[in-house]
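J.: this one's structure only:
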């Protein structure tokens with residue numbers, strides 16, 4: 001199973017869509033709230049090169065935004 005980490009904020013609608021999509025497909029993920037965790041925010045910026053959320057890390061491959069096709073491809077869905 002893939003190692004999936006979602007960098008998000010509680011108020012971001014695309015973050016909610018991303019997490020709902022993963023849940024509906026039975027994908028376990030770590031949800032990291034970058035609005036309350038400055039270290040995680042810096043980690044996200046260093047991985048993605050930007051401050052926008054969501055950022056999804058799938059086994060080290062970075063997807064910025066709710067890119068359903070990209071997520072499906074990396075997770076072989």
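T.: Yes, it's here. These numbers come from a predicted model, not from an experiment.

J.: When you work out contacts or count neighbours from here on, use the C-alpha atoms and nothing else.
T.: Fine.

J.: For residue 55, list each beta-bridge partner.
T.: Here residue 55 sits in beta bridges with residue 7, residue 64, as judged by DSSP bridges.

J.: tally of neighbours for it?
T.: Using other CA atoms under 10 Å, residue 55 has 25 neighbouring residues.

J.: Then the one 3 residues further on?
T.: The number of residues packed around residue 58, counting by other CA under 10 Å, is 17.

J.: Okay, buried residues for the helix or strand harbouring residue 18 please.
T.: Assessed by DSSP states H and E, residue 18 sits inside helix 13-24. Of all the residues in helix 13-24, those buried under the rule 16 or more other CA atoms under 10 Å are 14-16, 18-19, 21-22.

J.: Now flag whichever of those is closest to residue 67.
T.: For the buried residues of helix 13-24, the closest approach to residue 67 (CA to CA) belongs to residue 18, at 8.4 Å.

J.: Leaving out sequence neighbours, find the closest residue to that closest one.
T.: residue 66 (5.7 Å; CA to CA, 6 or more residues apart in numbering).

J.: how many neighbours does that neighbour have?
T.: Count around residue 66 with other CA under 10 Å applied: 20.

J.: Just the helices from the protein, written as ranges.
T.: All helices of the chain, identified by DSSP state H, fall at 13-24, 38-48, 68-75.

J.: who wins for proximity to residue 2 among those helices?
T.: Distance to residue 2, taken as CA to CA, is lowest for helix 68-75 among the helices of the chain, at 7.0 Å.

J.: quick one: that closest one to helix 13-24, angle?
T.: Angle between the axes of helix 68-75 and helix 13-24 is 40 degrees (criterion: axes from the mean of the first three to the mean of the last three CA atoms, to 10 degrees).

J.: In helix 68-75, which residues are buried?
T.: Within helix 68-75, the residues that qualify as buried are 71, 75, counting by 16+ other CA under 10 Å.
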